Structure formats: C-alpha cells, structure tokens
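1. model the following, please.
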Amino acid sequence: MESKRVYYIDNLRVLACFLVILTHSAMATKDSYGIYAVIVSLVSSPSSELFLTISGALLLPTRIKMKDFYVKRFSRLALPVLFWSLIILFVDYITGASTLGITIKKLILIPLSPVTGVYWFIYTICGLYLLAPIISPWIIASTKKEYQFILLLWLSTILLPYISFVLPDFYHIDGNYYFILNYFGGFLGYMLLGVYLRKYPIVLPKPKAIAVILSLIVIAVLPILYCYLFKRDLITTINNNLSISSVLLVTAIFIFFQNFGSTNVKFNNFINYLAKYTFGIYLVHIMIVRNVVWHIYSLFRVEPLNPLIETPLIAIVSMIICYACVKLISKLPQSKNIVGV
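-> This next block holds a predicted model:
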C-alpha cells in the first residue's frame with residue numbers, strides 16, 4: 001500500500017509542475033476568447049495549492065530533530081533559489097525589462113521578497129517549513145476526528161469571502177479582518193489536508209469515486225463561472241489561492257489519483273524519474289516560457305489562437321525544454337546547488 005501511495009504522489013508532483021507551467025503559459029487573447037481563457041485558468045488554478053498539499057503528504061509529520069529538519073529542507077532550497085533569482089535579475093536587466101535601480105533593490109530584498117512573482121510559492125513554503133517540526137507532534141498524536149475538526153475550522157475561514165460575495169452590504173472582507181478563527185486560516189491548511197488525504201485515503205468503488213470527483217469539480221467551478229458571466233468584479237474574491245474552489249479542486253485531484261492512478265510499472269517508474277526534476281523545472285520555467293517559447297512563438301503567430309489549443313501547446317513545449325535544461329545541468333558538478341538534483 002505504501003508503494004502505491006508514493007507512486008500516486010509522485011504522479012501528482014509531475015501534474016502540479018505541469019499545471020504551474022500551464023498557468024504561466026497563457027498569452028493575451030481576444031475578448032471573444034474570454035470564456036476559453038477562463039477554462040484554462042480553472043484547469044491550471046490548483047497548481048501551487050496542489051504542491052503545498054503534496055508537500056504536507058510527503059513531509060509531515062517529521063520525526064527528526066528541528067535543527068536537522070531545517071538544515072535538510074533549507075539547504076535544498078537556498079542555493080538553487082538564490083542562483084536562479086540572480087539569473088532572472090540579470091536577464092530582466094539586459095533585456096530592458098528592469099532598470100538598474102529596480103534590479104539593485106530586488107537584489108537587496110531577496111531575503112524578504114521574491115525577484116519574480118512566480119517565486120512567491122518558495123517563500124510561502126519556507127514559512128511552512130518553519131512550522132513543520134512544531135505541529136508534527138500534534139499530527140502524530142491526533143485522532144481522525146480531531147484532524148477533521150481542525151480541517152473544518154480551516155474550511156470555515158476559507159468560506160468567509162462568500163459572505164461578502166452573497167451579502168456585500170452586510171459583511172465585507174478586505175484582507176485586514178480579525179475574528180476568532182483568524183489563525184486557522186492560511187496555506188498551512190493545504191499541508192494539513194495533504195497529511196489527512198495520505199493518512200486516510202479516500203478509496204471508493206469506481207462509480208462512487210467518479211460521482212464524488214465530479215461533484216467536487218462542479219461545486220468548485222459553478223461560482224467562478226457565475227462570477228465570470230454576471231459579477232466579474234468579484235471573480236478574484238472567490239478564485240484565489242485560499243478559496244473553497246481551490247480546496248475542492250485539489251481534493252478532487254487527490255481522490256482521482258488515489259482511485260484511478262496508473263498501475264503500469266514502467267509508466268510509474270518514468271513518472272518517478274521525472275518527479276525528481278520538478279523543483280528544477282519550477283525554478284527555470286518562467287524564463288523558458290516568457291523569454292524563449294513566447295518569443296519564438298510570437299515570431300510565427302499571426303493572430304491569437306483559441307486558448308484551449310494555444311496555452312497547452314506552449315506549456316507542453318516549455319516543459320520539454322525545461323526538463324532538457326535541468327537534465328543537462330544535473331550532469332554538472334554541484335548541480336544540487338543549482339537545480340536541486
């Protein structure tokens with residue numbers, strides 16, 4: 001059973017990596033393609049949250065000493081992130097995307113903020129790593145019902161924006177709110193969700209699993225489509241990283257892989273092999289997508305294609321190039337400090 005779990009989680013890592021690239025592959029489209037762009041955005045939206053959930057499933061609870069955990073996790077992150085942050089700053093400067101003053105400012109602020117918005121996830125995961133050894137004893141000792149209660153508190157905070165969505169004149173959330181459940185909110189919930197889904201996998205008869213997965217997807221998608229059609233000014237309120245739609249989509253993806261994951265040994269071995277390169281692919285993908293694939297594609301692009309065709313095509317080509325780059329770099333000495341492999 002453990003082997004199967006590892007297989008499906010590695011499969012999830014590769015999927016999450018591709019969804020991150022898909023998210024950043026979308027080019028500007030004509031207004032007539034708006035609904036298709038929304039569909040692409042919906043498909044790719046749970047990417048970072050999926051990574052956080054996977055991280056929880058893989059890393060929590062930790063049973064090693066706090067110092068050892070910090071050294072192990074942060075040593076793997078620090079040098080590769082610093083290396084590619086410097087590369088991004090250099091590329092932005094020589095291409096004219098950033099001035100010298102802004103480049104220097106971003107360089108100084110690297111310990112505090114990412115040089116590119118895409119790297120927000122790394123800074124978030126660093127904060128969660130600091131919490132991991134602290135919450136691990138509770139995870140080890142908790143019962144299933146206690147775990148469900150904490151997740152329910154977290155989901156209560158996730159649902160709060162819907163109050164301002166349904167009753168805007170009665171209750172409005174602007175991000176600076178204070179209430180009794182405030183400290184149960186945030187990205188830590190995704191890691192705890194990952195632990196729960198791995199510890200208590202939702203394995204069902206195939207018809208029931210399909211029904212549950214489809215129900216979660218429909219419930220997640222309908223509010224977003226409603227906002228797109230009737231209240232576009234509220235779409236970001238209910239389609240951000242900390243939204244019930246993201247939670248439901250992540251859960252649906254986990255349940256799908258738990259029930260319908262591949263049992264083909266050769267395929268799983270290939271995915272497991274590819275999974276070890278996902279961190280490096282994540283680090284380099286934004287430059288490959290924006291500075292290479294977009295640029296080459298724009299030379300031949302006469303007019304925007306349907307995003308349902310264009311965006312996945314760009315994402316697939318970008319992921320192949322990213323993998324090739326990371327694979328080549330991994331053959332260099334000290335490649336672990338560059339791409340984490």
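
2. what are the buried residues along the strand or helix carrying Arg73?
-> Secondary structure assignment for Arg73, by DSSP states H and E: helix 66-94. Buried positions in helix 66-94, judged by neighbour count with 16 or more other CB atoms under 10 Å: 69, 73, 77, 80-81, 84-85, 88-89, 92-93. Where you see a C-beta, it was placed from the backbone N, CA and C, and this is true even at glycine.

3. and the pLDDT at Asn11?
-> Asn11 carries a pLDDT value of 89.

4. hmm, I was thinking of Asn272
-> Looking at Asn272, its pLDDT stands at 87.

5. any chance of the buried residues of helix 66-94 in JSON lines, plus pLDDT?
-> Compiled in JSON lines, the buried residues of helix 66-94 are given as follows (pLDDT from 0 to 100):
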{"residue": "Phe69", "pLDDT": "94"}
{"residue": "Arg73", "pLDDT": "91"}
{"residue": "Leu77", "pLDDT": "91"}
{"residue": "Pro80", "pLDDT": "94"}
{"residue": "Val81", "pLDDT": "94"}
{"residue": "Trp84", "pLDDT": "95"}
{"residue": "Ser85", "pLDDT": "95"}
{"residue": "Ile88", "pLDDT": "94"}
{"residue": "Leu89", "pLDDT": "94"}
{"residue": "Asp92", "pLDDT": "91"}
{"residue": "Tyr93", "pLDDT": "93"}
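
6. just the residues you listed now: which is nearest Leu112?
-> Nearest to Leu112 among the buried residues of helix 66-94 is Ser85, at 12.1 Å by CB to CB.

7. so who does the nearest residue to the closest one once chain neighbours are set aside touch?
-> Spatial nearest neighbour of Ser85, excluding adjacent residues (CB to CB, 6 or more residues apart in numbering): Val115 at 4.5 Å. Contacts for Val115 (CB atoms under 8 Å, 6 or more residues apart in numbering) come out as 85, 88-89, 106-107.

8. of those residues, which pair is most distant in space?
-> Ile88 and Leu107 (10.6 Å).

9. give me the buried positions along stretch 55-68.
-> Neighbour-count burial for stretch 55-68 flags 55-62 (criterion: 16+ other CB under 10 Å).

10. of all these, which comes closest to Ile125?
-> Ser55 (6.4 Å).

11. thought the closest one was touching Leu193?
-> No - applying CB atoms under 8 Å, one finds Ser55 not in contact with Leu193, separated by 10.8 Å.

12. phi, psi of the residue positioned nearest the centre of the chain?
-> Central residue of the chain (CA atoms, centre = their mean): Ser48, 1.0 Å from the mean position. Dihedral angles phi and psi of Ser48 (degrees, to the nearest 10) take the values phi -70, psi -40.

13. quick one: the helices in the stretch 51-200 of the chain?
-> 66-94, 100-108, 120-141, 144-159, 161-166, 188-199 (DSSP state H, counting those that start in this stretch).

14. could you dump these to TSV with distance to Thr263?
-> Output for these, formatted as TSV (distance: least, CB to CB, whole Å):
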stretch	distance to Thr263
helix 66-94	31
helix 100-108	47
helix 120-141	29
helix 144-159	27
helix 161-166	39
helix 188-199	18
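
15. out of those, nearest to Thr23?
-> Per CB to CB, nearest to Thr23 of the helices of the stretch 51-200 of the chain: helix 120-141, 11.1 Å.

16. quick one: the helix holding Arg73 to helix 120-141, angle?
-> If you take axes from the mean of the first three to the mean of the last three CA atoms, to 10 degrees, helix 66-94 sits at 170 degrees to helix 120-141.

17. run through the neighbouring helices and strands of helix 66-94.
-> helix 100-108, helix 120-141, helix 278-287, helix 336-339 (3 or more CB pairs under 8 Å, 6 or more residues apart in numbering; DSSP states H and E).
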